[in-house]
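Visitor: Build the 3D model from these lines:
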Amino acid sequence: MVTISNAVLSIGEVEGHPGERSLHVVYHLSCAPSDPAVGRTLVESVVVHAVDEHDAPALPRRVPIAEVRAAVTISAGTEHRSVRTIVQRTDLDVEQDWWSSSQSGEPNPIAEWLDHIAADVALHDEGELVAQATTPTVTGSWGALGPD
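Guide: Residues are numbered from 1 along each chain as shown. As a prediction, the model looks like this:
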């Protein structure tokens with residue numbers, strides 16, 4: 001049986017590129033030596049997306065922030081996998097929320113930043129799901145409200 005464990009997402013700055021952010025997902029891919037998947041090449045899919053923590057009146061964007069696909073040949077034992085992609089900082093500044101109102105009580109849209117993000121990791125064999133995991137949610141500000 002192929003399993004995914006210890007999946008973690010981190011978001012960081014890209015040195016020398018203040019307008020970019022690095023999305024980095026690491027996980028352990030394990031497979032028993034007797035598993036028929038050993039030696040097979042599977043499709044690895046990592047999808048980074050907003051998470052609805054029900055802390056804002058607006059729903060998070062449904063479109064993923066980033067999607068990375070790669071071919072992975074399964075080996076017996078446990079392998080440490082690492083997937084990294086770069087996104088524009090503005091990709092983390094795309095939500096809208098209704099946080100304020102006009103003097104007449106009408107809602108005024110202001111920016112709501114993607115402050116809760118997770119990644120789904122999946123392995124497929126000829127279109128069939130073999131293993132999947134979701135990273136814990138990472139919370140912070142990486143866009144215009146970020147610390148830099």
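Visitor: how far away is Q103 from D120?
Guide: Separation of Q103 from D120 (CB to CB, to the nearest Å): 43 Å. C-beta: built from backbone N, CA, C; applies to glycine.
Visitor: The two: which has the busier surroundings?
Guide: D120 (18 against 5; other CB atoms under 10 Å).
Visitor: what's the average pLDDT for the longest strand along the chain?
Guide: In the chain, ranked by residue count with DSSP state E as the criterion, the top strand is strand 17-31. What strand 17-31 shows for mean pLDDT is 95.
Visitor: what helices or strands is that strand leaning on?
Guide: In terms of contacts (3 or more CB pairs under 8 Å, 6 or more residues apart in numbering; DSSP states H and E), strand 17-31 is packed against strand 2-14, strand 41-50, strand 77-88, strand 116-125.
Visitor: want to try TSV for these, with distance to S141 and mean pLDDT as columns?
Guide: Shown next, in TSV, are the helices and strands packed on strand 17-31 (distance: least, CB to CB, whole Å; pLDDT from 0 to 100):
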stretch	distance to S141	mean pLDDT
strand 2-14	10	96
strand 41-50	13	96
strand 77-88	15	96
strand 116-125	11	95
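Visitor: Now the residue in the chain sticking out farthest from the centre: which helix or strand?
Guide: Going by CA atoms, centre = their mean, the residue of the chain most distant from its centre is S104, 39.6 Å out. Taking DSSP states H and E as the definition, one finds S104 inside no helix or strand.
Visitor: Across the sheet, point out what pairs with the residue nearest the centre of the chain.
Guide: Centroid-nearest residue in the chain, with CA atoms, centre = their mean: V48, separated by 2.1 Å. Beta bridges link V48 to A66, A119 when assigned by DSSP bridges.
Visitor: for it, what are its contacts?
Guide: Neighbouring residues of V48 by CB atoms under 8 Å, 6 or more residues apart in numbering: 9, 23, 25, 64-67, 85, 117-119.
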